[in-house]
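Chemist: would you be able to build a 3D model of this:
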Amino acid sequence: MSVEPAAGKAGEQLELESVLTLSMLPGLGPRTLTALLDCFPTASAVLSADESKLASVHGVGMKLIQTIRTAAHHVDIQAVIRWCRENGVAMVAAEQDSYPRPLYDLVDTPPVLFVRGDLLARDELAVSIVGTRHGSVYGLKQAERFGYSLAKAGVTVVSGLARGIDSAAHRGALDAGGRTIAVLGSGLGQIYPSEHKGLASEIAAMGAVISEYAPHCKPHAGTFPQRNRLIAALGVATLVVEAPDRSGALITARLACEMNRDVLALPGPVTSRTSRGCNQLIRDGAILIQSVEDVLESLGPMVGSVEAESGQSIRSGSELLLNEVERQILDAIDETGTPIDTVINQTRLPAHRVVATISVLEMRSLVRRLSGQYVSRV
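Modeler: Numbers count the residues shown, from 1 in each chain. So this is what the prediction gives:
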């Protein structure tokens, strides 16, 4: 979908309102909405289209056509815009620079996100942590530990604000003073569970609370699996801390795998019902995780570089484990190949230390030797 410049800001506002209207229409799911926006030049063109053109889109039947043709009767768009303004919620369209790029990997990218807080470019370096709402003492402690350690390392922690593992992961990230993003299965005006309203406010102050649903949309059984695809997409990897063999966390893991994200799992006792899903994931090929170092080492090499909290451009989670000297040497090596003598001269470090450190970086799959005297970044 593209937003045409119709009449400058007035045209952009009209298009935003049209996208919002479509996204809130009853009976119009994300996949059908994506199909409509792919078939028409703008969202406003969808709303003004005649029945025959709408009927030509896969998944659009007569009932939905009538809903689209009478959209103004179903959605009070000005009330939604007013609520967002009064409650400090931004409406971020898919064409805007602040829209999370990882969501473009979805086949049904939400055309608009409702956001309380701030989305930053460095949130692309994120790990999604998911698990059961009925976490054991062990699971809750581990979720908080991983949330804390990842946030301390500069990784954004993504989860779903649910009871149990989700809230523990968010809390760990907040305690570390790091960034965390909560993805809701309801509107921002219907925080669920209600006892997490305070937690949601803390998350918005340190990161963002986001939803693809209208502010007053209540949660129901279908919104949570749909929400899970956003959690899976936002993370470079998804870590399942505790999950029974039938769990929404396993849906998120499957979605992450389908999007070519790594799936990580924390093992648990074979007698534990809440660890059964994790143990099965490991049996089926998920990466067994025991420490935050295991998580970081699994995050690369990435398809593209991302900006870390330090402002440095990194291509692998392993880079977050580097000490100052290792970082200095890695920064002196380029992708096309650099003579080791050049690295020594540029860093002004002893030759034996540079050579030894290059061996360490090679074991971490951050560099590779092109010959005895040349090395390049992976």
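Chemist: and His314, what pLDDT?
Modeler: One thing to correct before we go on: residue 314 is Ile, not His. On pLDDT, Ile314 comes in at 72.
Chemist: also the one 3 residues further on?
Modeler: At Gly317, the model reports a pLDDT of 79.
Chemist: grab the nearest non-local neighbour of the residue most central in space within the chain.
Modeler: Residue closest to the average C-alpha location in the chain (Cα atoms, centre = their mean): Leu234, at 1.2 Å. Among residues not flanking Leu234 along the chain, Val158 sits closest, at 4.7 Å (Cβ to Cβ, 6 or more residues apart in numbering). All C-beta atoms are positioned from the backbone trio N, CA, C, and that covers glycine.
Chemist: tell me the secondary structure for that neighbour?
Modeler: With DSSP: H, G, I helix; E, B strand; the rest coil as the basis, Val158 sits in strand.
Chemist: neighbours of it, just the number please.
Modeler: Val158 is flanked by 33 other residues according to other Cβ atoms under 10 Å.
Chemist: test my guess that it contacts Val236.
Modeler: No: Val158 is beyond contact range of Val236, at 9.8 Å (criterion: Cβ atoms under 8 Å).
Chemist: give me every residue that touches the residue nearest to the centre of the chain.
Modeler: Pro100, Pro102, Leu103, Asp123, Ala126, Ser128, Val158, Ile181, Val183 (Cβ atoms under 8 Å, 6 or more residues apart in numbering).
Chemist: now the common contact residues for Val158 and Val236.
Modeler: Common neighbours of Val158 and Val236 (Cβ under 8 Å, 6+ apart) are Ala126, Val127.
Chemist: so how far is stretch 111-120 from its chain's centroid?
Modeler: Mean-position distance between stretch 111-120 and its chain equals 12 Å (Cα atoms, centre = their mean, to the nearest Å).
Chemist: list the buried residues in that stretch.
Modeler: Neighbour-count burial for stretch 111-120 flags Pro111, Val112, Leu113, Phe114, Val115, Arg116, Gly117, Leu119, Leu120 (criterion: 16 or more other Cβ atoms under 10 Å).
Chemist: in a markdown table: the residues you listed, plus pLDDT, secondary structure and distance to Val240.
Modeler: Below are the buried residues of stretch 111-120 laid out as a markdown table (pLDDT from 0 to 100; DSSP: H, G, I helix; E, B strand; the rest coil; distance: Cβ to Cβ, whole Å):
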| residue | pLDDT | secondary structure | distance to Val240 |
| --- | --- | --- | --- |
| Pro111 | 91 | coil | 29 |
| Val112 | 92 | strand | 29 |
| Leu113 | 96 | strand | 25 |
| Phe114 | 97 | strand | 27 |
| Val115 | 97 | strand | 26 |
| Arg116 | 98 | strand | 27 |
| Gly117 | 97 | strand | 25 |
| Leu119 | 95 | coil | 24 |
| Leu120 | 93 | coil | 25 |
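Chemist: distance to Pro193 added to those, as CSV?
Modeler: Below are the buried residues of stretch 111-120 laid out as CSV (distance: Cβ to Cβ, whole Å):
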residue, distance to Pro193
Pro111, 28
Val112, 25
Leu113, 21
Phe114, 19
Val115, 21
Arg116, 17
Gly117, 19
Leu119, 24
Leu120, 27
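Chemist: and the two most separated of those residues?
Modeler: Pro111 and Leu120 (21.2 Å; Cβ to Cβ).
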